[in-house]
Structure formats: structure tokens, C-alpha cells
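1. could you look at this predicted model? Sequence included:
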Amino acid sequence: MNQQKLPNATAVLVLGIVSIVGCCCYGVVGLIAGIIGLVLYKKDNALYQANPTMYSDYNNLNTGKILCIIGLSLSALYLILNIVMISVFGWEALSDQQLMQERIRELMGQ
């Protein structure tokens, strides 16, 4: 029997990798790529479950899903960290090292 490739398996794999790498961009790029990858996974998984003998690259789809989940988790944590840092130290302190050191000393009570 002639097996076909799932239409979005490679895209899900690539989006999973992008979501892990994109978590370094303040978490936003990783969140977007991870969510899109999981939506595409859901569509292709439904195709595969309807007729498993027709498709051949289900392993790539599962690997992409795992990468999307990891990237989504890392991006969410990094985004939360950035929000906390901005709320605690302020936006100005993140770009000025002297001001950041002063704010840290204030928090430590020195």
C-alpha cells in the first residue's frame, strides 16, 4: 500500500524547534510558535487516527508535539520571569546597570 506523509508533520516539527529557540525572545515568539504547532498537531493527529495505515511519518508529528510543549513551557516561564523583573525593578533598571544595582541593594536592605 502506498503511504502518504502527513500534511503538517514537518511544519509541527519545525515549529517545535522554533518555539524552543524562540523562548529567548522574551517568550513571545516561542509561545506563538508552540501554540500554532499544537493546533497543527491536533489536525494531523485527527487525520492519522481516522486512517493510521495511510500515513507514514507519525513519529515526526509526535516529536514535534513534544518539542512544542517544551518550547511552550519554557516560553511561558521566561515571559512570567520578564513580567516579574519589570514589575520589581522597572523598565529603566533593565537597561541601566547602575540603577539595577541600586534597586537590588534596596531590596536586600543594604
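-> Happy to help now that I have it.

2. tell me which helix or strand comes right after the worst-scoring helix or strand of the chain on mean pLDDT.
-> When each helix and strand of the chain is scored by mean pLDDT, DSSP states H and E, helix 91-95 comes last, with a mean of 87. Downstream of helix 91-95, the first helix or strand assigned by DSSP states H and E is helix 97-108.

3. just name whatever secondary elements that following helix is in contact with.
-> The contact analysis (3 or more C-beta pairs under 8 Å, 6 or more residues apart in numbering; DSSP states H and E) places helix 97-108 against helix 58-89, helix 91-95. Placement of C-beta: from N, CA and C, glycine included.

4. give me that answer again for 7 Å
-> On a contact count with 3 or more C-beta pairs under 7 Å, 6 or more residues apart in numbering; DSSP states H and E, helix 97-108 meets helix 91-95.

5. how about the helix it packs on: buried residues?
-> Judged by neighbour count (16 or more other C-beta atoms under 10 Å), helix 91-95 contains these buried residues: Ala93.

6. which elements pack onto that helix?
-> Using 3+ C-beta pairs under 7 Å, 6+ apart: helix 91-95 touches helix 97-108.

7. the helix it packs on: how far from the chain's middle?
-> Offset of helix 97-108 from its chain centre (C-alpha atoms, centre = their mean, to the nearest Å): 31 Å.

8. same deal with stretch 61-73?
-> With C-alpha atoms, centre = their mean, you get 8 Å for stretch 61-73.

9. please work out which residues outside the strand or helix carrying Val14 touch it.
-> Here Val14 sits within helix 9-21, counting by DSSP H and E. Contacts to helix 9-21, defined as C-beta atoms under 7 Å, 6 or more residues apart in numbering, come from residues 30, 33-34, 36-37, 40-41, 44, 57, 60-61, 63-65, 67-68, 70-72, 74-75.

10. and if you look at stretch 67-82?
-> Counting by C-beta under 7 Å, 6+ apart, 12-13, 15-17, 19-20, 22-23, 26-28, 30-31, 33-35, 37-38, 41 sit against stretch 67-82.
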